[in-house]
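> based on what follows, work out the 3D shape:
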Amino acid sequence: MQISSYVQMPAMAIGGVDRETVGLFLPAEGRAIDIGVHINNLTLWSFIIFGIFNVVAGVVRSAGAVVFPLVVAFIAAALNVLYYRFGNWKKAK
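Reported below is the predicted structural model:
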């Protein structure tokens, strides 16, 4: 079993009971729980894609081709750095 499964399964379980889970850390009144549930609903599904990529990359690496998964990982990291540096996320309200 890969490490991604250990991340993926709890993430999906939290998605099933997200209101109760977020409520453990936030007060019951206010909009914070609704915002937290919305953020969970947006982000938890990305763990499935992350897990699929890890499985495919593991299969490719086990076949002996290690350069392609490495290049994909570097491109993904570079895109994150570029968005952090030049994106308009700081101006969002």
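> how distant is stretch 29-37 from the center of its chain?
How far stretch 29-37 lies from its chain's middle: 20 Å, per C-alpha atoms, centre = their mean, to the nearest Å.
> next, the buried residues of it.
For stretch 29-37, a neighbour-count test (16 or more other C-beta atoms under 10 Å) marks 33, 36-37 as buried. To be clear about C-beta, it is placed using only N, CA and C from the backbone, and glycine gets the same treatment.
> okay, and which of the residues you listed map to helices?
Using DSSP state H, 33, 36-37 are the members of the buried residues of stretch 29-37 that sit in helices.
> output those as TSV; include the columns distance to residue 19.
Output for those, formatted as TSV (distance: C-beta to C-beta, whole Å):
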residue	distance to residue 19
33	6
36	9
37	5
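> where exactly do the helices run in the chain?
Assigned by DSSP H, the helices in the chain fall at 3-16, 18-23, 32-43, 46-62, 67-86.
> what is the fourth one packed up against?
Taking 3 or more C-beta pairs under 8 Å, 6 or more residues apart in numbering; DSSP states H and E as contact, the helices and strands that helix 46-62 lies on are helix 3-16, helix 67-86.
> flag the shaky bits of the chain, pLDDT-wise.
Residues of the chain that meet the criterion pLDDT under 70 lie in 1-16, 93.
> what sits against residue 26?
The neighbours of residue 26, taking C-beta atoms under 8 Å, 6 or more residues apart in numbering as the test, are 32-33, 36.
> how does it look with 6 Å?
Applying C-beta atoms under 6 Å, 6 or more residues apart in numbering, we find residue 26 in contact with 32-33.
> check residue 29 too.
Counting by C-beta under 6 Å, 6+ apart, residue 29 has no contacts.
> could we number from 247 for the rest of this?
With 247 as the first residue, the last one maps to residue 275.
> residue 294 versus that one, what's the distance?
33 Å (C-beta to C-beta, to the nearest Å).
> ok, back up a step: tell me the one of the buried residues of stretch 275-283 nearest residue 312?
residue 282 (39.0 Å; C-beta to C-beta).
> doesn't residue 268 make contact with the closest one?
Yes. Using C-beta atoms under 6 Å as the test, residue 282 is close enough to residue 268 to be in contact (3.9 Å).
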